[in-house]
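1. kindly return the folded structure for what I paste below:
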Amino acid sequence: MVPEGKISVAPHIYVGLQKTAKNRISKRYHAMYGMTYKRILTLTSEAFGVSLVEAISKSRVHEAVCARRAYIALSRYHLGSSYNTIGMLVKRDHSTILHNLRMHDNWMEVYPEYAGIYESIEKEIKFKPQLDGEDEPVGD
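-> Predicted structure coming up:
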């Protein structure tokens, strides 16, 4: 018996339903507190030591690839952006974005250096500092 107000859905029918709902909540939160694509790109490029232009360029330098991959993952998981939207931002096809997200998940398990930098960026995104004890969130 399902409690009132709760929807019971077989997990094999709507794969990823909970993650989608989580992304919508996260998207609203970050929109409310001023987290933007530009801010995420700035954080990732600084963390990996590349310029903003190099992070979204076609460069195959390892640091640029890491920054781009982290930017794509953060845009998807924290802003809930579609593959096409992210693809437009980094000038790539939606299928390339999907590949990068799969590789990101793999790199998080395989490369501890990448995972550490990514997690530090996530902490910065989730906990934006306030200026002088103000109640207003920090803007870009």
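2. ok, R76 - how many residues close by?
-> A count of nearby residues for R76, using other C-beta atoms under 10 Å, gives 20. (Each C-beta comes from the backbone N, C-alpha and C, glycine too.)
3. please, which helix or strand holds it?
-> When elements are assigned from DSSP states H and E, R76 belongs to helix 62-79.
4. report the buried residues of that helix.
-> For helix 62-79, a neighbour-count test (16 or more other C-beta atoms under 10 Å) marks 64-79 as buried.
5. same check, this time on stretch 89-100
-> Of all the residues in stretch 89-100, those buried under the rule 16+ other C-beta under 10 Å are L89, V90, R92, I97, N100.
6. please flag which of the residues you listed sit within helices.
-> Under the assignment DSSP state H, the buried residues of stretch 89-100 contribute L89, I97, N100 to helices.
7. for these, which one is nearest L43?
-> For L43, the closest of these turns out to be L89, at 14.6 Å, with distances computed as C-beta to C-beta.
8. quick one, what contacts the closest one?
-> By C-beta atoms under 8 Å, 6 or more residues apart in numbering, the contact set of L89 is Y37, I56, S75.
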